[in-house]
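Asker: Need a 3D model of the following:
(one chain, ligands or ions: 1)
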Amino acid sequence: MNLILLGPPGAGKGTQAKMLIEAYGIPQISTGDMLRAAVRNQTALGLEAKKFMDAGQLVPDQVVIGLAQDRIAQPDCAKGFMLDGFPRTVPQAQALDKVLAGMGKKIDHVISIEVANDELMGRLTGRRTCKSCGQGFHVMFDPPKAQGQCDKCGGELYQRDDDNEATVGNRLKVYNDQTAPLIDYYQKKGLLRPIDGVGGINDIQERIKAVLG
Ligand code: AMP
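Answerer: Below is the predicted model of the structure:
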């Protein structure tokens, strides 16, 4: 099963992807995670991408298309994959269609997680992540037992560089201008599966599973 998780920043795509990996046994492909790893490792691509990421802008299409294409070609994607945060523009979606057609594959479902704009700012600026194990928290909705410390492994919690208020504002605008047109793109192809993204994490997971069967 080949899936795309679509939705604004803060809709819960990453959280749902991590739960779906276990349920369906297919890998999550997050271009955001791949770019953050490149930034951490200070590769040439990472240094270039960081400028865009810190400003809340999109990294150029050619860069992320290349990353996604290489990842989809890996053996662990043979039985399916879940794209999280890719595609983010219509040219990226068109490039993905071509890449998949060349491999004899296609997208089965586009899970579109819907959350109203005014809820997203608070969700994003309150996010915290464990440096060691990657577990996510939220200062209001899912606070760690000890401030700044991971409940699971005791690791240090950090805030993503691009989760500050100014950058989040840009990211939401970029989503509305450049990514939201994908809703129409996939609706026309009959692939769009809208999911209400407001509620408990488990409830949303059940809504997605009900659609995927
Ligand atoms: P995310 O973790 O998906 O919120 O992505 C964080 C940042 O990485 C975005 O704000 C962009 O700067 C960059 N990024 C991730 N995926 C893409 C993509 N498909 N196209 C362009 N930029 C991306």
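Asker: just checking, what packs against whichever strand or helix holds residue 123?
Answerer: Counting by DSSP states H and E, the element that carries residue 123 is helix 117-125. Using 3 or more C-beta pairs under 8 Å, 6 or more residues apart in numbering; DSSP states H and E as the contact test, the elements touching helix 117-125 are helix 165-174. (C-beta placed from N, C-alpha, C; glycine too.)
Asker: what about the helix it packs on and the ligand, any contact?
Answerer: Yes. With C-beta under 6 Å from any ligand atom as the measure, helix 165-174 is seen reaching the ligand through residue 171.
Asker: what sits up against that helix?
Answerer: Counting by C-beta atoms under 8 Å, 6 or more residues apart in numbering, helix 165-174 makes contact with 8-10, 54-58, 117, 120-121, 124-125, 161-162, all of which sit outside it.
Asker: Can I get the buried part of those as one ChimeraX selection?
Answerer: Provided next is the ChimeraX selection string for whichever of these are buried by 16 or more other C-beta atoms under 10 Å:
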select :8,9,10,56,57,58,120,124,125,162
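Asker: How many residues are close by the residue in the chain positioned nearest to the ligand?
Answerer: Taking C-beta to the nearest ligand atom, the ligand has its nearest neighbour within the chain at residue 32, 2.1 Å off. Residues near residue 32, counting by other C-beta atoms under 10 Å, number 19.
Asker: dump the residue contacts of it.
Answerer: Applying C-beta under 8 Å, 6+ apart, we find residue 32 in contact with 14, 84-85.
Asker: hang on, residue 178 packs against residue 87?
Answerer: No. Checked against C-beta atoms under 8 Å, the pair residue 178 and residue 87 is beyond contact range at 10.2 Å.
Asker: Compare the two (neighbour count), which wins?
Answerer: residue 87 (26 against 16).
Asker: Now do the same contact list for that one.
Answerer: 4, 68, 93, 95-96, 182.
Asker: what are the ranges of the helices in the chain?
Answerer: 13-24, 31-40, 44-54, 61-72, 90-102, 117-125, 165-174, 181-188, 201-212 (DSSP state H).
Asker: confidence score at the residue of the chain most remote from its centre?
Answerer: Ranked by distance from the centre of the chain (C-alpha atoms, centre = their mean), the top residue is residue 146, with 27.3 Å. In this model, residue 146 is scored at 97, pLDDT.
Asker: What of residue 189?
Answerer: Model confidence at residue 189 (pLDDT) stands at 97.
Asker: burial count for it?
Answerer: 13.
Asker: cool, residue 195 as well?
Answerer: Residues near residue 195, counting by other C-beta under 10 Å: 21.
Asker: Can you name the residues that contact it?
Answerer: Contact analysis of residue 195 by C-beta under 8 Å, 6+ apart lists 111-114, 204, 207-208, 211.
Asker: Sounds good, over and out.
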